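S.K.: missing the sequence, but the structure's below:
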């Protein structure tokens, strides 16, 4: 069982930065692919970024590539999402999710792959 808790959301002006954190409990974190997803009002949940169990593989949605960076610290059971050059269209609730996948070298984009989810943190970017 993995429990996830996101933090770091807030209100920021366009062009600004935020760093989201996702703290995990449970012994399987180090073997889990960790993903970030977001959901804007009236829209489906969409993939943002993911990192494999050891950080060796990462993937980003085209809409955030070059602006967002996903990283993890397995010693702290925490995954991060650094968001720079934020745009109003980045406004959404951001969720972290865990997919127990030891040894995986490819990370998944489908929410269906992920077994555990946090409650989400709101990010609002004003124009």
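M.R.: Received it, and whenever you're ready, just let me know what you need. What you see is a predicted model; the values in this text were computed from it and never measured.
S.K.: Just the element for the spatially most central residue of the chain, please.
M.R.: Central residue of the chain (C-alpha atoms, centre = their mean): residue 36, 2.2 Å from the mean position. Per DSSP states H and E, residue 36 falls inside strand 32-39.
S.K.: contacting residues around the residue nearest to the centre of the chain?
M.R.: For residue 36, the residues meeting the contact criterion (C-beta atoms under 8 Å, 6 or more residues apart in numbering) are 20, 22, 48-50, 70, 79, 81, 94-97. Placement of C-beta: from N, CA and C, glycine included.
S.K.: Equivalent analysis for residue 87, please.
M.R.: 14, 125.
S.K.: what does the one 10 residues further on give?
M.R.: Contacts here follow C-beta under 8 Å, 6+ apart; on that basis residue 97 touches 4, 34-37, 111, 114-118.
S.K.: Would you check which pair of those residues lies furthest apart?
M.R.: 36 and 115 (15.4 Å; C-beta to C-beta).
S.K.: so which of the contacts of residue 97 is the most crowded?
M.R.: residue 34 (31 neighbours; other C-beta atoms under 10 Å).
S.K.: Return the set of residues that bridge with that residue.
M.R.: Here residue 34 sits in beta bridges with residue 51, residue 98, going by DSSP bridges.
S.K.: Of the contacts of residue 36, keep whichever come out buried.
M.R.: With neighbours counted using 16 or more other C-beta atoms under 10 Å, the contacts of residue 36 contain these buried positions: 20, 22, 48-50, 70, 79, 81, 94-97.
S.K.: The residues you listed into TSV, with extra columns for distance to residue 105, secondary structure and pLDDT?
M.R.: Below are the buried ones among the contacts of residue 36 laid out as TSV (distance: C-beta to C-beta, whole Å; DSSP: H, G, I helix; E, B strand; the rest coil; pLDDT from 0 to 100):
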residue	distance to residue 105	secondary structure	pLDDT
20	25	strand	98
22	22	strand	98
48	20	strand	98
49	16	strand	98
50	12	strand	97
70	16	strand	98
79	18	strand	97
81	21	strand	98
94	25	strand	98
95	24	strand	98
96	21	strand	98
97	19	strand	97
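S.K.: Thanks a lot, see you next time.
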